[in-house]
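> Structure for this input, please:
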Amino acid sequence: MKAGGLDGVVWRNRALTLFDRVAVPVAVCDVYGMVVLANPAMAAECGTTPGRLRGRDVLELFRPQEEAQVERIAEALRLRHRSRYQVSVRWRAPDGAERYGELTADPVSEAVGETPSLLVMLRVEGERESPRPRPAQVTPVEGRVLA
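Model prediction:
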């Protein structure tokens with residue numbers, strides 16, 4: 001292996017270590033939104049492990065609040081624009097609460113002409129507690145029968 005190739009491996013390993021340790025939920029997706037790589041913080045938001053997110057559609061995990069936002073991003077990517085794109089989303093947390101926040105997608109690639117991957121970051125803005133199930137209402141007669 002050439003010395004330059006070894007340096008590339010070292011930097012790749014360092015980048016993956018950093019990716020795994022950063023506290024911000026982050027994923028790398030293909031241009032269609034399929035998760036290629038996710039860090040533990042992103043997996044925790046989905047109640048799973050990073051490996052189980054691979055191949056999942058990020059917009060099924062995090063529901064966009066406005067479909068028009070997603071359509072604008074798809075059009076911009078088709079035109080090879082390289083801006084940062086934000087989408088307001090909601091999702092169900094592992095504890096059942098409904099959370100809301102913002103997904104930010106940055107197109108990234110090694111060369112300008114390549115089809116970019118999307119570096120997707122999640123900012124959690126808040127949550128609504130899940131409604132507690134109300135006890136079933138029974139009539140006095142039903143109550144006596146059940147007792």
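
> where are the low-confidence patches of the protein?
Applying pLDDT under 70 to the chain flags the ranges 1-5, 129-134.

> center of it - which residue?
For the chain, the residue nearest the mean C-alpha position is V58 (5.3 Å; C-alpha atoms, centre = their mean).

> could you measure the nearest residue to it once chain neighbours are set aside against T17, distance?
Closest residue to V58 apart from its sequence neighbours, by C-beta to C-beta, 6 or more residues apart in numbering: G33 at 4.8 Å. Where you see a C-beta, it was placed from the backbone N, CA and C, and this is true even at glycine. Note on G33: its distance to T17, by C-beta to C-beta, to the nearest Å, is 26 Å.

> so what's the residue nearest to the centre of the chain up against?
27, 29, 33-35, 103, 120 (C-beta atoms under 8 Å, 6 or more residues apart in numbering).

> The protein: helices as residue ranges?
Per DSSP state H, the chain carries helices over the ranges 3-21, 40-46, 50-53, 58-61, 67-78, 140-146.

> Farthest-apart pair in the contacts of V58, please.
Greatest spacing in these, by C-beta to C-beta: M34 and L103 (14.4 Å).

> Can I get the contacts of V58 in CSV including neighbour count and distance to Y85?
As requested, these are exported to CSV (neighbours: other C-beta atoms under 10 Å; distance: C-beta to C-beta, whole Å):
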residue, neighbour count, distance to Y85
A27, 30, 14
C29, 21, 12
G33, 20, 11
M34, 16, 16
V35, 23, 17
L103, 26, 9
V120, 22, 10
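
> And those, which is closest to S109?
Closest approach between these and S109, by C-beta to C-beta: C29, at 12.7 Å.

> Find the nearest non-adjacent residue to the closest one, please.
The nearest residue in space to C29 (C-beta to C-beta, 6+ apart) is L118, at 4.4 Å.
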